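Trainee: Provided below are the primary sequence and the corresponding predicted coordinates.
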Amino acid sequence: MERTLARAAKEEVLELDELWSFVHRRVNKRWIWLALCRRTRQVVAYAIGNRGEATCRLLWERVPKAYRHGLLYSDFWESYQKVLPEGQHQPVDKSSGQTNHVERWNCTLRQRLGRFVRKTLSFSKSEEMHEICLALFLHDYNRLCLKTT
């Protein structure tokens, strides 16, 4: 995914959020964790798993080192507070506007890929295809963002 990312500025601001989807049946929830660069609107990292600390840690480990030095905005979910560096992490309420871009991106994902809509006839039948579909979409989305920056 790093091949489609713009070069990081000195201190990028990242917005982090998670959204749920499912594989095969609604009871098989999968949480998609995202880190979005505010300046470029590119998704710099993602992780798929449950809503726990391990998946949050995986997301943080996948954020490229060049993007790890600025402010990090997220909601008040406990996992973020356990994993993200205390001096950089700013937990905020949705009404603050600090996570607007990533929240909007979640809507874009749900609008463009039927398998990520909560109530749909489209769904992934396997974990592998769920992630492949997301990775392909991210690659194309980031590539298009790169052309506009």
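Mentor: On my side now, so go ahead. Numbers count the residues shown, from 1 in each chain.
Trainee: So what pairs up with Arg30 in the strands?
Mentor: Ser21 (DSSP bridges).
Trainee: From the centroid of the protein, which residue is nearest?
Mentor: Nearest to the mean C-alpha position of the chain, by Cα atoms, centre = their mean, lies Leu34 at 1.1 Å.
Trainee: Could you say which helix or strand holds it?
Mentor: Using DSSP states H and E, Leu34 maps to strand 25-37.
Trainee: Can you mark which positions in the top helix by length along the chain are buried?
Mentor: The residue-count maximum for a helix in the chain (DSSP state H) belongs to helix 127-148. Neighbour counts using 16 or more other Cβ atoms under 10 Å place His130, Glu131, Leu134, Phe137, Leu138, Tyr141, Asn142, Cys145 of helix 127-148 among the buried residues. Bear in mind the C-beta positions are built from the backbone N, C-alpha and C, glycine included.
Trainee: Could you point out which residue ranges in this protein have low pLDDT?
Mentor: Applying pLDDT under 70 to the chain flags the ranges 1-2, 22-29, 113-128, 130, 133, 149.
Trainee: now the helices for it?
Mentor: For the chain, the helices defined by DSSP H cover 53-62, 78-83, 100-112, 127-148.
Trainee: Out of those, which gets nearest to Ala8?
Mentor: With Cβ to Cβ, the closest approach to Ala8 among the helices of the chain belongs to helix 127-148: 12.7 Å.
Trainee: Against which helices or strands is the closest one packed?
Mentor: Using 3 or more Cβ pairs under 8 Å, 6 or more residues apart in numbering; DSSP states H and E, the elements in contact with helix 127-148 are strand 14-23, strand 25-37, strand 43-49, helix 100-112.
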